[in-house]
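Undergrad: Pasting the sequence and the predicted coordinates here, then a few questions.
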Amino acid sequence: MSKSILIVGASRGIGLGLARELASRGWSVHATERDRSDDLHSAAEGAEITLHTADVTDPDSYADLGIDEGSLDAILINAGITGAKHQDASQATADEVAHVMMTNAYGPARMGKALLPLVKDGGTLAFTSSILGSITNSSGGYDLYGTSKTAQNMLAKGIAEKDAGARDIQVLSLHPGWVQTDMGGSSATLTVDESVTGLADVIENAAKATESGGYRYLDYTGEELPF
Ligand SMILES: NC(=O)c1ccc[n+]([C@@H]2O[C@H](COP(=O)([O-])OP(=O)(O)OC[C@H]3O[C@@H](n4cnc5c(N)ncnc54)[C@H](OP(=O)(O)O)[C@@H]3O)[C@@H](O)[C@H]2O)c1
């Protein structure tokens, strides 16, 4: 039977690329958009991609996705934003902090927890994180975005410890590399295809893993990253 995944935030960029890549590898893909994405709808034509609408900051929007409990091998919560352009803790307004934290950290964690029953025992719950969330790696800058991804990693570890472990569900925080998307910009070092080929390998390896449960922070090549 084919493997199945829910990808949250698949309207464009890495999420869209990964939906296409995993469907081409024979996965059954559930993919979400907030507003209609023509690119995602064309990708779904003739492919094993089922479309849903969801906003990671709005629990009502994903309260009933119509996906059976215990039916998914994996969920990837990929939705994310950069946050205010200045990225500066000294300038940030309360609204700017709330928006980036809710979209990149608390929203994904809350959604991951709420949707965990959809994942099979021994499956995978993954979040698209970033190397900019690594405290070890940090040389400062990107205050808003970086701290939101650090917080996301912390919350993901909490889900691994408190919620997912009991069902042997592995929790992953994934850095996709610096990727040519609306967020990454055209100077980024990786194409979407390069990034999603690696991410799909990491997700497939997690799905095949004999050891279960636990929490890992990995990049798109499968390399372990320092927190
Ligand atoms: N590109 C990079 O170099 C890079 C590096 C490290 C990590 N990342 C992470 O990779 C993920 C994808 O980034 P990307 O480069 O593909 O960016 P992107 O092209 O800007 O796409 C962002 C995706 O997130 C969705 N999204 C944003 N806010 C959402 C919300 N409230 N609810 C649901 N979906 C929402 C967007 O949907 P709409 O179309 O509706 O806005 C879109 O599908 C993000 O988590 C990002 O932080 C990217």
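TA: Received the coordinates, thanks.
Undergrad: Need the CA coordinates for the lowest-mean-pLDDT helix or strand in the chain. CSV is fine.
TA: Lowest on mean pLDDT, DSSP states H and E among the helices and strands of the chain sits helix 192-208, with a mean of 95. What follows is helix 192-208, C-alpha atoms only, in CSV (Å, rounded to 0.1, in the frame of the first residue of the first chain):
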residue,chain,number,x,y,z
VAL,A,192,13.2,23.8,-5.0
ASP,A,193,13.8,20.5,-6.8
GLU,A,194,17.2,20.0,-5.1
SER,A,195,15.7,20.7,-1.7
VAL,A,196,12.6,18.6,-2.0
THR,A,197,14.5,15.6,-3.4
GLY,A,198,16.5,15.6,-0.2
LEU,A,199,13.6,16.3,2.1
ALA,A,200,11.6,13.5,0.4
ASP,A,201,14.5,11.1,1.0
VAL,A,202,14.6,12.2,4.7
ILE,A,203,10.9,11.6,5.1
GLU,A,204,11.0,8.3,3.3
ASN,A,205,13.9,7.1,5.5
ALA,A,206,12.0,8.1,8.6
ALA,A,207,9.0,6.1,7.3
LYS,A,208,11.3,3.1,6.8
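Undergrad: Let me know whether that helix sits next to the ligand.
TA: No - using C-beta under 6 Å from any ligand atom, helix 192-208 stays clear of the ligand, coming no nearer than 7.5 Å. C-betas here are computed from N, CA, C, even on glycine.
Undergrad: For L116, which non-adjacent residue is closest in space?
TA: Nearest-residue entry for L116: D163, 5.8 Å, with adjacent residues in sequence omitted and distances by C-beta to C-beta, 6 or more residues apart in numbering.
Undergrad: Burial check on E69, number of neighbours?
TA: 11 (other C-beta atoms under 10 Å).
Undergrad: What is the least confident helix or strand of the chain packed up against?
TA: helix 13-24, strand 72-77, strand 119-128, strand 170-175 (3 or more C-beta pairs under 8 Å, 6 or more residues apart in numbering; DSSP states H and E).
Undergrad: partners of the third one in the sheet?
TA: Partner strands and pairing direction for strand 119-128 (DSSP bridges) are strand 72-77 (parallel), strand 170-175 (parallel).
Undergrad: Could you dump those into a markdown table with mean pLDDT added?
TA: Listed next are those as a markdown table, based on pLDDT from 0 to 100:
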| stretch | mean pLDDT |
| --- | --- |
| strand 72-77 | 98 |
| strand 170-175 | 98 |
